[in-house]
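In: Sequence and predicted structure below; questions after.
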There are 2 protein chains.
Amino acid sequence: MKKHNFSAGPCILPQEVLQKASEAVLNFNNDNLSLLEISHRSKPFVDVMENARSLALELLGLEGKGYKALFLQGGASTQFLMVALNMLEKRAGYLNTGTWSDKAIKEAKIYDDIYEVASSKDANFNYIPKGYDIPTDYDYFHCTSNNTIFGTQMKAFPNSPIPMVCDMSSDIFSRELDFSKFDLIYAGAQKNMGPAGTTLVVVKEDVLGKVSRKIPSMMDYKIHINKSSMFNTPPVFAVYVSMLTMQWLKNLGGIPAIEKENDKKARLIYSEIDLNPLFKGFATKGDRSNMNATFTLANEDLKETFETMVKEAGINGLNGHRSVGGYRASMYNAMPLESVGVLVDVMSELERKA
Amino acid sequence: MKKHNFSAGPCILPQEVLQKASEAVLNFNNDNLSLLEISHRSKPFVDVMENARSLALELLGLEGKGYKALFLQGGASTQFLMVALNMLEKRAGYLNTGTWSDKAIKEAKIYDDIYEVASSKDANFNYIPKGYDIPTDYDYFHCTSNNTIFGTQMKAFPNSPIPMVCDMSSDIFSRELDFSKFDLIYAGAQKNMGPAGTTLVVVKEDVLGKVSRKIPSMMDYKIHINKSSMFNTPPVFAVYVSMLTMQWLKNLGGIPAIEKENDKKARLIYSEIDLNPLFKGFATKGDRSNMNATFTLANEDLKETFETMVKEAGINGLNGHRSVGGYRASMYNAMPLESVGVLVDVMSELERKA
């Protein structure tokens, strides 16, 4: 039976990408060698890395604008640390929109004082704060564009008077934005870009080199830039699969094309959540994420029936995070509209039955 | 044509491992989902991680001796930093046996003073220093068991009066040692353990928690231990392939069985290097690596002929590192004796022709 994979991440990837990735594990580049057993300094892999780096800038519309793309290791959790090490001298401002922002703040605090410009903690992060001020004399402003756990998404970004850093782990490549507003963007691959094991960093070079501390080599963006993202052995397979996924997106028509699909999927699920009296959305309407829809049952007695129906429909990964409970439908780029349709059918069917 | 893959790393992996890895990219655990698209918190992957962690301790004979195994990201280059962050309070002693030791020393120096207990830099690292003293009042002693670039290997380890840390990236699981002599062992996966993208750390818990600095979460071994190596999303695919490779080794008979194979391969290539007047070994005889044999042509005029013959025999990845020149035959665990035989045949054939 076909699976409808709503997993929050690692998550669904395009079937044609999985097919090519599987083949490369046995025979890469028609060289009769596995992608896993060739030198990362060999021309075929250097080409993969360079292709991945330029595809990232191309998709974001950042070519020729002073940005560099890097494929690093350690996930967004390592970026929480690297951003502070590379950019935090005096003080920074963070917008707190949930668990991941909170973790970013915690790591940066090891190096210096952190100012929370605003927080939605008062309502268990079910909305995105607005109307806050960003101090003009701080080193940078940090925000999280999409909050997987709470199902909220920043629909607009401030005109920051200081460099703006954004964790886009869970919605990169999903919607058109003026990416040149950001000075540093980072994203763990395992949502819209590829498998777990690599992290995309897109950084405007002129924001670097302004802190006085000595930065360890593996934590230093400038070193990674100077070494073309090959300072040490990169996570070869994860970079290759990310390149394939970005190529797939480019062939589809890039971000404008996928945004239309993502809008359709979001409209479909949220209209069901709003119209079906058995379900309640968690996030405030205007701040709802197009990637992760969070909702609960109005009546917990239906839990077993609903979950059995979900399972029978081949739906996978719908459990909500413990901080919110209920359900979370993650609808990343590679999820077809059809799968969201299957979920919505189950939700309607429950209403008819109940 | 069959390829004989002498690449220094990423390098040859067992064919059956590649086959299983390729299948898992399409359908993992017979669940009709790719290994790349399931949650790392799902039971099938949690089982993979736990299996990998216990296989590592089992193969090293370290079960029930106070050690924990972790699968982290960032390669040995990140361990250079993590070791210092977690263990360096006052001063540490490092044995300098080449490029990788040198890099480890450089990163640790950011945090404190480093004492080189000995170095073989005077002879371009073609030997392993011996007879040095390890200060008793330092925090730890660090060494590199095998030096891929220079083709040297530590055949004996000191009885260190202080915790002993070893970078075993390029010879872990290749030979029997009393691994309980070491308090912390780390190894990038991409030689004997799996694909690039994960790093094994085996640490004796009681050496941790003795420094006064605040350690960032992603750099803190104790946090990774407390979270069962799942503090953040792990590099799922690289951990899975590492688990398969360790399972393959266990089925072969573990380290004692593979050590016999590795000895045969090393004897075969070194006896050819010693007997064939056209070749010169780089490393001092007693310190020669069983993983990486480094050698040069006695007469550079034969370079083109030799390299053409090498290519025609299907031999891949034989180029020496620029610091040494000449050739490097890397013969990791998964390399069959037959492939070393093919190389030795080419070397003998060159002698007959010349």
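Out: Cool, the structure landed. Residues are numbered from 1 along each chain as shown, chains lettered A, B, ... in the order given.

In: from memory residue A:217 sits against residue B:109, does it?
Out: No: using Cβ atoms under 8 Å as the test, residue A:217 is too far from residue B:109 to be in contact (11.2 Å). No exception for glycine: its C-beta is placed from N, CA and C like everyone else's.

In: Which one of those two is surrounded by more residues?
Out: residue A:217 (19 against 15; other Cβ atoms under 10 Å in any protein chain shown).

In: Moving C-terminal from the longest helix along chain A, which element do we reach first?
Out: Taking DSSP state H as the assignment, the helix of chain A that covers the most residues is helix A:254-275. Towards the C-terminus, the helix or strand next in line after helix A:254-275, according to DSSP states H and E, is strand A:279-281.

In: how far away is the nearest residue to residue A:323 once chain neighbours are set aside from chain B?
Out: Closest residue to residue A:323 in three dimensions, ignoring its sequence neighbours and counting by Cβ to Cβ, 6 or more residues apart in numbering or on different chains: residue A:149, at 5.5 Å. Using Cβ to the nearest Cβ, to the nearest Å, we find residue A:149 at a distance of 13 Å from chain B.

In: In three-state terms, how would residue A:149 be classified?
Out: Reduced to three states with DSSP: H, G, I helix; E, B strand; the rest coil, the structure at residue A:149 is coil.

In: Same check on residue A:142?
Out: Looking at residue A:142 with three-state DSSP, the answer is strand.

In: tell me the contacts of it?
Out: Applying Cβ atoms under 8 Å, 6 or more residues apart in numbering or on different chains, one finds that residue A:142 lies in contact with A:83, A:92, A:93, A:94, A:95, A:101, A:104, A:108, A:164, A:165, A:166, A:167.

In: and with 7 Å instead?
Out: By Cβ atoms under 7 Å, 6 or more residues apart in numbering or on different chains, the residues touching residue A:142 are A:83, A:92, A:94, A:95, A:104, A:165.

In: Looking at the stretch 201-350 of chain A, which residue is nearest chain B?
Out: Nearest residue of the stretch 201-350 of chain A to chain B: residue A:235, at 3.5 Å (Cβ to the nearest Cβ).

In: In contact with the closest residue in space to that residue that isn't next to it in sequence: list those residues for me.
Out: Closest residue to residue A:235 in three dimensions, ignoring its sequence neighbours and counting by Cβ to Cβ, 6+ apart: residue B:197, at 3.5 Å. Listed by Cβ under 7 Å, 6+ apart, the contact set of residue B:197 reads A:197, A:235, A:236, A:237, A:238, B:189, B:235, B:238.

In: Keep only those of the residues you listed that are in strands.
Out: Applying DSSP state E to these, no entry is found in strands.

In: Now for these: which two are most distant?
Out: For the contacts of residue B:197, the maximum inter-member distance is 12.7 Å, found between A:238 and B:189 (Cβ to Cβ).

In: Tell me where the model's unsure across the stretch 251-354 of chain A.
Out: With pLDDT under 70 as the threshold, the stretch 251-354 of chain A has no low-confidence stretch at all.

In: all helices for it, in order.
Out: The residue ranges that make up the helices of the stretch 251-354 of chain A, judged by DSSP state H, counting those that start in this stretch, are A:254-275, A:303-312, A:337-353.

In: With distance to residue B:21 and mean neighbour count added, can I get these in JSON lines?
Out: As requested, the helices of the stretch 251-354 of chain A are arranged in JSON lines below (distance: least, Cβ to Cβ, whole Å; neighbours: other Cβ atoms under 10 Å in any protein chain shown):
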{"stretch": "helix A:254-275", "distance to residue B:21": "29", "mean neighbour count": "17"}
{"stretch": "helix A:303-312", "distance to residue B:21": "29", "mean neighbour count": "14"}
{"stretch": "helix A:337-353", "distance to residue B:21": "27", "mean neighbour count": "16"}
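
In: Export those to TSV and append columns for distance to residue B:330.
Out: Putting the helices of the stretch 251-354 of chain A into TSV (distance: least, Cβ to Cβ, whole Å) gives the following:
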stretch	distance to residue B:330
helix A:254-275	41
helix A:303-312	49
helix A:337-353	45
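
In: List just the one of those helices that sits closest to residue B:183.
Out: The minimum distance between residue B:183 and these falls on helix A:303-312, with 47.5 Å, by Cβ to Cβ.

In: So is that closest one next to chain B?
Out: No: Helix A:303-312 is not in contact with chain B by Cβ under 7 Å from any Cβ of the partner chain; minimum separation 12.8 Å.

In: Now the phi/psi pair for residue A:93, please.
Out: Taking degrees, to the nearest 10, you get phi -110, psi 130 for the backbone angles of residue A:93.

In: I'd say it and residue A:134 touch.
Out: Yes: Residue A:93 is in contact with residue A:134 according to Cβ atoms under 7 Å; the separation is 5.6 Å.

In: Identify the contacts common to those two.
Out: Listed as contacting both residue A:93 and residue A:134 by Cβ under 7 Å, 6+ apart are A:117, A:141.

In: Give me the phi and psi for residue A:253.
Out: In terms of degrees, to the nearest 10, the main-chain angles of residue A:253 are phi 120, psi 10.

In: Tell me how far the residue of the stretch 51-200 of chain A found nearest chain B lies from residue A:234.
Out: Nearest residue of the stretch 51-200 of chain A to chain B: residue A:197, at 3.5 Å (Cβ to the nearest Cβ). When distances are taken as Cβ to Cβ, to the nearest Å, residue A:197 and residue A:234 turn out to be 10 Å apart.
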